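Student: next input, structure requested:
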Amino acid sequence: MLLESYERKIEAIIFAAGEPIEFIKIAQSLEIDEAAVRRCVGLIRERYAGQKSPLDIIMLGSSVQMSTLPEYGDCIRTALTLRREAPLSQAALEVLAAIAYNQPATRSFVEQVRGVDCSSIVRSLVEKDLVEEAGRLPVPGRPIAYRTTANFLRCFGLESLEQLPVMPGSPEEPDGESPAELDGQMDFSELY
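Tutor: Take a look at the predicted model:
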């Protein structure tokens, strides 16, 4: 067996995993032995070092994970902080509203409401500490339910969820106010 033929496949698996992945799982997926996977990882690390790549593959016991070299930590941290502080997009505001008004809400519920995939937006809202996991539902697949955080309340100037604007068409909607007037009560895009 030529190790070079597996090198790129192993590199792709480690990259796609995004978190530590066991050598044995990589070996099983490629139908090769674990020792061959370990040798390929060594070759990949040598290639990275030879190319002066900012990437490395770190060994974590029986697992491996792709990472960056420590000297790039400051610039990565700065870039991720800037991303976290970026204003919310219209799509993110829609996902946030769906969770806020229906919490605890699963990602699949939000996707049904919006009609599109929301996984990256939910992940971004978790990173921004606007939503958090509220546990898992006791149904098949045990999906994660999300709820808003105290940071959500701070960012939107609310003391509690009861201060959220009334949804147009809901039974609690005050008489005589149109949905347009209610929208003017709280414009989420201006608050964050």
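Student: if you skip the residues just before and after it, what's nearest to residue 15?
Tutor: Once its chain neighbours are removed from consideration, residue 15 has its nearest residue in residue 66; the separation is 5.3 Å (CB to CB, 6 or more residues apart in numbering). The way it works is simple: take the backbone N, C-alpha and C, and place the C-beta from them, glycine included.
Student: show residues contacting the strand or helix carrying the one you found.
Tutor: Taking DSSP states H and E as the criterion, residue 66 maps to strand 63-68. For strand 63-68, the surrounding residues in contact (CB atoms under 8 Å, 6 or more residues apart in numbering) are 14-15, 17, 19-23, 26, 41, 54-58, 76.
Student: quick one: the most centrally placed residue in the chain and residue 95, what's the gap?
Tutor: Taking CA atoms, centre = their mean as the criterion, residue 123 is the residue nearest the geometric centre of the chain, at 2.4 Å. Relative to residue 95, residue 123 is positioned 11 Å away (CB to CB, to the nearest Å).
Student: and residue 55, its phi and psi?
Tutor: Phi and psi for residue 55, reported as degrees, to the nearest 10, are phi -100, psi 160.
Student: what bridges to the closest residue to residue 17 other than its chain neighbours?
Tutor: Nearest residue to residue 17, sequence neighbours excluded (CB to CB, 6+ apart): residue 65, at 7.4 Å. Note on residue 65: beta-bridge partners residue 58, judged by DSSP bridges.
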